[in-house]
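# Below are the sequence and a predicted model; questions follow.
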2 protein chains.
Amino acid sequence: MKVLVQKFGGTSVANLECMKKVLGKVRQGLEKGYKVVAVLSARAGDTNKLLGLAQEWSATPDPAECDALVATGEQISVALFSMLLKDAGIKARSLLGWQIPVRTDNAFGSARIHEIDADVLKKHLENYDVLVVAGFQGVTEDNRITTLGRGGSDTSAVALAAVLDSCECEIYTDVNGVYTTDPNICSTARKIDKISYEEMLEMASMGAKVLHIRSVEFAKKYKVPVHVRSTFTDDPGTLVTQEDSTMEALLVSGIAFDKDQARVTLHGLPDVPGIAAAIFGPLSEAGILVDMIVQNTSQDGHTDITFTISRKELKKTLELMAEVSKKTGATEVAHDINVAKISAIGVGMRNHSGVAARAFSALNREGINILMISTSEIKITILIEEKYLELAVRILHDTFGLDWDIN
Amino acid sequence: MKVLVQKFGGTSVANLECMKKVLGKVRQGLEKGYKVVAVLSARAGDTNKLLGLAQEWSATPDPAECDALVATGEQISVALFSMLLKDAGIKARSLLGWQIPVRTDNAFGSARIHEIDADVLKKHLENYDVLVVAGFQGVTEDNRITTLGRGGSDTSAVALAAVLDSCECEIYTDVNGVYTTDPNICSTARKIDKISYEEMLEMASMGAKVLHIRSVEFAKKYKVPVHVRSTFTDDPGTLVTQEDSTMEALLVSGIAFDKDQARVTLHGLPDVPGIAAAIFGPLSEAGILVDMIVQNTSQDGHTDITFTISRKELKKTLELMAEVSKKTGATEVAHDINVAKISAIGVGMRNHSGVAARAFSALNREGINILMISTSEIKITILIEEKYLELAVRILHDTFGLDWDIN
């Protein structure tokens, strides 16, 4: 039995007309001889409406009840789409998270999948040609409904493909695939035909919204090839898969960026052991994620520490740092929200030196000041002034030859 | 452990303001020392919206998918109400049909409850002070969501009270209780303090909308006292319970009526064995419910048969009777839709002769012609011309002294 998992996002199932296009995609899968597992999100807007209701009812809605509430969004879309399939003469049925079941932990609102009963799915696949599965939702060990967090339907789809030993998982969305960078900023941005899990993880963590980051982690872990493509065209999209030799030919695969950055600096800190813990301990306890960190070389037994956080955490961070400042004797706490982060990502980077140097000199030539730098095996990240972001994206896109198709 | 089941209909949970009133009713139950099982309907209008969606998606929506769709209405109201309870510091959680589970047969759209796991409920009642249960929904043996048909939340509530050995089941609605007749037609209509299951069944089957007929059957079978009362006042409502001596003091408890009647007559039928079967067999096969039936005394070996049906079945019925007419040799098929049915209902009727006679002579005095009559142990039903209906209701209400409170 050949099984194809197809996931359709909120804009793909927004209304009857869209769902008819989705029906066409499912039919293509059937015509190729697959049994299809169609994973659906809630209709565009429904999840926000439900969350709005929760906020109206309670300033701090109970997380378990909120998940039971929000899960109705996918329940509605799978029931409606199954009606459509049955009317088209296709043997189909809907399956909710608890009906499979998709077992998760108890982290309501951002639950993680522990186990999926593949035997139940396989048995249903003997009786039906299409299973319409509610994405984004699962059920705890004691049968309470959970949701997997924003974009969780991608994760549902990849997890189902993983347990079904499916040859491929198609993620249908309203764009053609993954791009070298945001086409709204850089007109020469190209669709990427193939990208490694590692690169996709870096792209997703930088805010490329096309795939949910946890779904990429899942795909990488279980080696599920993920094909990102458009519901509204028949064009091939982007294949997210294991690294191969064709990928290494490319030094940089994409340029990602993130405007949601704020920079905080503590000046004049005593350069003693435990100073980093004194700063980042309270942030961690408060659940504030710190992104880039730079510590200056010590001068006269004193040092500066600079880090970046999400802008919405700035107020809380400054409160915490005021206390830290008193305890540690820092001379000043400075901050800046007019900053942005830009990254060049590529598995090819591993085997080439000088990628960072090329990036820096290209930005330098245009007079763009580099505020912070951090590098990983397959990524270089640079913090710059926000006003230069679009220019910097175009410069790096050009510098690394992403506007030509070299495959 | 004292348990009180409270059911709140769609208008009682329509919005946040209404739900706050419901919270007050639940709190009253808790203050009396009860653990509360609150059974909720969908918010007013939600079920119709969902059915509207189903109709938009499919001319004949798959019944199983339709139930999965419609069940989201109650899922939303129980999740929202549970949030409210938790914010009020009350230990509460929502329970969906499948989470209990409420096991039903496979009759999607009008499923019947087979079994409710009382042990699960009792265990939850040890941990929570209020269980917020989604009414109207259940789950089949193979875990597909079912709904119990319109008004099914009443049935859910009574069934839960039955398995919990609860002392009482309160049905909260937007009226004060059960009335002797429709106050819109008869200004002297009074709220009934106490009514027997049998009388309530007759009232409900005649279209008194305050209680779903199947819930009354359930209450009667399991001897669950049902207290019908208003969410919006603190007045005592109507207690539906086993017949007792105070009830027998009342000859007639209420006057019910139904305008949805059409009369069909087959004239000149040969008076031979099997003639009734020839008429009612095809109607039964077509799923058409026949209400009153009268057969005239035979003259010259010929007879007339008259029966009533719901008006929306008239077209189909006349088609069937045209065929029957050919086969049986009836001389004419006549029909009339300007008719209405009126009933006097009361357990006290059993021990008194002459109730029918009193009703007939009262109507006669006002020149109201009696078209058909049928009687049961606790009910007299009369078919009259529709234009006299309101007058007839007031005459019978007066004749049987329902405008005075004789208790």
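On my side now, so go ahead.

# give the contact list for the residue of chain A most remote from its centre.
Centroid-distance maximum for chain A: A:D300 at 43.4 Å, with C-alpha atoms, centre = their mean. With contacts taken as C-beta atoms under 8 Å, 6 or more residues apart in numbering or on different chains, A:D300 has no neighbouring residues. The C-beta positions use only the backbone N, C-alpha and C, and glycine is treated the same way.

# Show me how chain A divides into domains.
With domains defined by automatic domain parsing, chain A comprises A:3-174, A:255-399.

# distance between the last one and the chain's centre?
With C-alpha atoms, centre = their mean, to the nearest Å as the basis, the distance from the averaged C-alpha position of domain A:255-399 to the chain average is 21 Å.

# Check the first one too.
How far domain A:3-174 lies from its chain's middle: 18 Å, per C-alpha atoms, centre = their mean.

# Count the residues that sit near A:S376.
Around A:S376 there are 12 other residues, counting by other C-beta atoms under 10 Å in any protein chain shown.

# Disregarding residues adjacent in the polypeptide, which is nearest to it?
Excluding the flanking residues, the one nearest A:S376 by C-beta to C-beta, 6 or more residues apart in numbering or on different chains is A:E202, at 7.7 Å.

# List the contacts of the one you found.
A:256, A:343, A:345, A:376, A:378-379.

# what do you get for A:P225?
A:P225 makes contact with A:167-169, A:219, A:239-241 under the criterion C-beta under 8 Å, 6+ apart.

# need the residues of chain A near chain B, please.
Along chain A, the residues adjacent to chain B under the rule C-beta under 8 Å from any C-beta of the partner chain are A:16, A:19, A:50, A:53-54, A:56-62, A:64-66, A:68-69, A:71-72, A:75-76, A:78-80, A:82-84, A:86-87, A:93-94, A:96, A:98-99, A:143-145.

# Of those, just the buried ones, PyMOL syntax please.
Typed into PyMOL, the line below selects the buried ones among these, using 16 or more other C-beta atoms under 10 Å in any protein chain shown:
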select buried, chain A and resi 19+50+53+54+57+58+61+62+64+65+66+68+69+71+72+75+76+78+79+80+82+83+84+86+93+94+96+98+99+143+144+145
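
# Keep only those of the residues of chain A next to chain B that are in strands.
A:93-94, A:145 (DSSP state E).

# Tell me the one of these nearest chain B?
Comparing those against chain B with C-beta to the nearest C-beta picks out A:S94 as the nearest, at 5.7 Å.

# Surely that closest one and A:L84 touch.
No. Counting by C-beta atoms under 8 Å, A:S94 does not reach A:L84; the two are 11.1 Å apart.

# Name the SS class of whichever residue of the stretch 251-400 of chain A sits closest to chain B, please.
Here the stretch 251-400 of chain A gets closest to chain B at one residue, A:G287, 21.9 Å apart by C-beta to the nearest C-beta. Under the three-state scheme (DSSP: H, G, I helix; E, B strand; the rest coil), A:G287 adopts coil.

# What pLDDT does the model give it?
A:G287 is assigned 85 on the pLDDT scale.

# repeat for the one 10 residues further on
The model reports A:T297 with a pLDDT of 75.

# Surely it is within a strand?
No. Counting by three-state DSSP, A:T297 is not found in a strand; it is coil.

# What count of nearby residues applies to it?
A:T297: 7 neighbours (other C-beta under 10 Å).

# same deal with A:I192?
Neighbours around A:I192, by other C-beta under 10 Å: 25.

# And A:A344, by the same measure?
Neighbour count for A:A344, taken as other C-beta under 10 Å: 28.

# who does it bridge with?
A:I255, A:I380 (DSSP bridges).

# show me where the stretch 301-407 of chain A has strands.
Using DSSP state E, counting those that start in this stretch, the strands of the stretch 301-407 of chain A run over residues A:302-309, A:332-345, A:372-376, A:379-385.

# Out of those, the one nearest A:L4 is which?
When the strands of the stretch 301-407 of chain A are compared by C-beta to C-beta, strand A:332-345 sits nearest A:L4, at 28.8 Å.

# where along chain A do the helices fall?
Counting by DSSP state H, one finds helices in chain A at the ranges A:16-31, A:46-57, A:63-70, A:72-87, A:118-127, A:152-163, A:197-205, A:213-222, A:245-248, A:275-285, A:314-328, A:355-365, A:389-399.

# And stretch A:135-150, what's buried?
Quick answer for stretch A:135-150 (16+ other C-beta under 10 Å): A:135-140, A:143-149.

# Could you identify the most distant pair in those residues?
Once C-beta to C-beta is applied, the buried residues of stretch A:135-150 give A:N143 and A:G149 as the farthest pair, at 20.1 Å.

# Can you pull out the low-pLDDT segments for chain A?
With pLDDT under 70 as the threshold, chain A has low-confidence stretches at A:166, A:205-209, A:248-249, A:404-407.

# I'd like the distance between A:M372 and A:A262.
From A:M372 across to A:A262, the span is 12 Å (C-beta to C-beta, to the nearest Å).

# Now the common contact residues for the two.
Joint contacts of A:M372 and A:A262 (C-beta under 8 Å, 6+ apart) are A:T308.

# Can you give me the end-to-end span of stretch A:326-335?
17 Å (C-alpha to C-alpha, to the nearest Å).

# what's in contact with that stretch?
Stretch A:326-335 is contacted from outside by A:262-270, A:275, A:278-279, A:314, A:318, A:321-322, A:324-325, using C-beta under 8 Å, 6+ apart.

# Just the buried residues of the residues you listed.
For these, buried by 16+ other C-beta under 10 Å: A:262-267, A:269, A:275, A:278-279, A:314, A:321, A:324-325.

# nearest to B:I116, of those residues?
Ranked by distance to B:I116 (C-beta to C-beta), these are led by A:L314 at 52.8 Å.

# which residues touch that closest one?
A:L314 makes contact with A:262, A:264, A:335, A:337, according to C-beta under 8 Å, 6+ apart.

# And the residues you listed, which two are furthest apart?
Within those, A:V264 and A:I337 form the most distant pair, 9.9 Å apart (C-beta to C-beta).

# Now the stretch 101-250 of chain A against chain B: closest residue?
A:N143 (5.6 Å).

# Excluding chain neighbours, give the residue nearest to that residue in space.
Per C-beta to C-beta, 6+ apart, closest to A:N143 is B:Q99, 5.6 Å.

# ok, now A:E56?
Nearest to A:E56 is B:L16, by C-beta to C-beta, 6+ apart, at 6.2 Å.

# how close does the residue nearest to A:S376 sit to A:M349?
Here the criterion is C-beta to C-beta. By it, A:E202 lies 10 Å from A:M349.

# Need the overlap of contacts for these two.
A:378-379.

# In contact with the residue nearest to A:V290 when sequence neighbours are not counted: list those residues for me.
Spatial nearest neighbour of A:V290, excluding adjacent residues (C-beta to C-beta, 6+ apart): A:F307 at 5.0 Å. A:F307 is in contact with A:263-264, A:279-280, A:290-294, counting by C-beta under 8 Å, 6+ apart.

# If you rank the contacts of A:E202 by neighbours, which is first?
If you rank the contacts of A:E202 by neighbour count (other C-beta under 10 Å), A:I345 sits at the top with 29 neighbours.

# residue contacts, that one?
If a contact means C-beta under 8 Å, 6+ apart, then A:I345 has A:199, A:202-203, A:206, A:252-256, A:378-379 as its contacts.
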